[in-house]
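>>> attaching a predicted model along with its sequence, questions to come.
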Amino acid sequence: MGIVREAGTLVVVVPARMTAKQERELIPGFVSRFLEHEAGRRPPAADAALTARAEALFARYLVEPGQPTPALSVSWSSRQRQRWGSCTTATGEIRVSDRLQSMPDWVADYVLVHELAHLLERTHSARFHELVARYPEAERAKGFLEGWTSAQGLPDLAY
């Protein structure tokens, strides 16, 4: 058996010889273990590692032909209480809420991609949203953050 995530959906591949009964018995546990493992991955704790992560995300999802990678400085912030992250476009300084440290890495990566996209498009324009949508887990991560915020009884937080 194998499992992958494609566009936010889990796809389980089973051998042709597996019976329907075996599938019903084995797949739920298999999916559960996959999700537990996936949730166990956390974003880097150190600011230097977080900056390196942001640079890699920029190169993978946002870089455009002939475009230089901007100088970045990314840090965790305990002062980010009304938003998940912020970006100072003039300096390339990005601050992300330290609450993201306890969340899966793909959620923190989404917030980083969102803030990195501001280096290319300052406003939340259609182009901005197109840039953020290049991150394949964008919709899933937004849903995760909305659910987390709702479960905490907090008002919607900004990015």
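Yep, it's here.
>>> tell me how many other residues crowd residue 105.
Using other CB atoms under 10 Å, residue 105 is surrounded by 18 other residues. Using the backbone N, CA and C atoms, a C-beta is placed for each residue, glycine as well.
>>> neighbouring contacts of the helix ranked longest in the chain?
Longest helix of the chain, by residue count under DSSP state H: helix 20-40. Contacts to helix 20-40, defined as CB atoms under 8 Å, 6 or more residues apart in numbering, come from residues 1, 3, 5, 10, 12, 14, 18, 104, 106.
>>> list the buried ones in stretch 67-76?
Residues 72, 74, 76 are the ones in stretch 67-76 that count as buried (16 or more other CB atoms under 10 Å).
>>> what is the nearest of these to residue 89?
Of all those, residue 72 has the smallest distance to residue 89: 11.4 Å, by CB to CB.
>>> model confidence for the closest one, exactly?
Listed pLDDT for residue 72 reads 88.
>>> same check, this time on the one 10 residues further on
Reading off the per-residue confidence, residue 82 sits at a pLDDT of 86.
>>> and residue 62, by the same measure?
Residue 62 carries a pLDDT score of 95 in this model.
>>> do the same with residue 85
Residue 85 is given a pLDDT of 95.
>>> burial count for it?
23.
>>> correct me if wrong: it contacts residue 112.
Yes. Using CB atoms under 8 Å, residue 85 is in contact with residue 112, at 7.3 Å.
>>> hey, what's in contact with both of the two?
Residues within reach of residue 85 and of residue 112 at once, by CB under 8 Å, 6+ apart, are 94, 96.
>>> still on that earlier bit, and the buried residues of stretch 67-76, which of them are in strands?
Among the buried residues of stretch 67-76, the members falling in strands (DSSP state E) are 74, 76.
>>> tell me the one among the buried residues of stretch 67-76 nearest to residue 118.
Comparing the buried residues of stretch 67-76 against residue 118 with CB to CB picks out residue 72 as the nearest, at 11.8 Å.
>>> residue contacts, the closest residue in space to the closest one that isn't next to it in sequence?
Closest residue to residue 72 apart from its sequence neighbours, by CB to CB, 6 or more residues apart in numbering: residue 92 at 4.9 Å. For residue 92, the contact set (CB under 8 Å, 6+ apart) comprises 70, 71, 72, 73, 119.
>>> phi first, then psi, for residue 92.
With angles defined as degrees, to the nearest 10, residue 92 sits at phi 80, psi 20.
>>> same check, this time on the one 4 residues further on
Main-chain dihedrals, residue 96, degrees, to the nearest 10: phi -120, psi 150.
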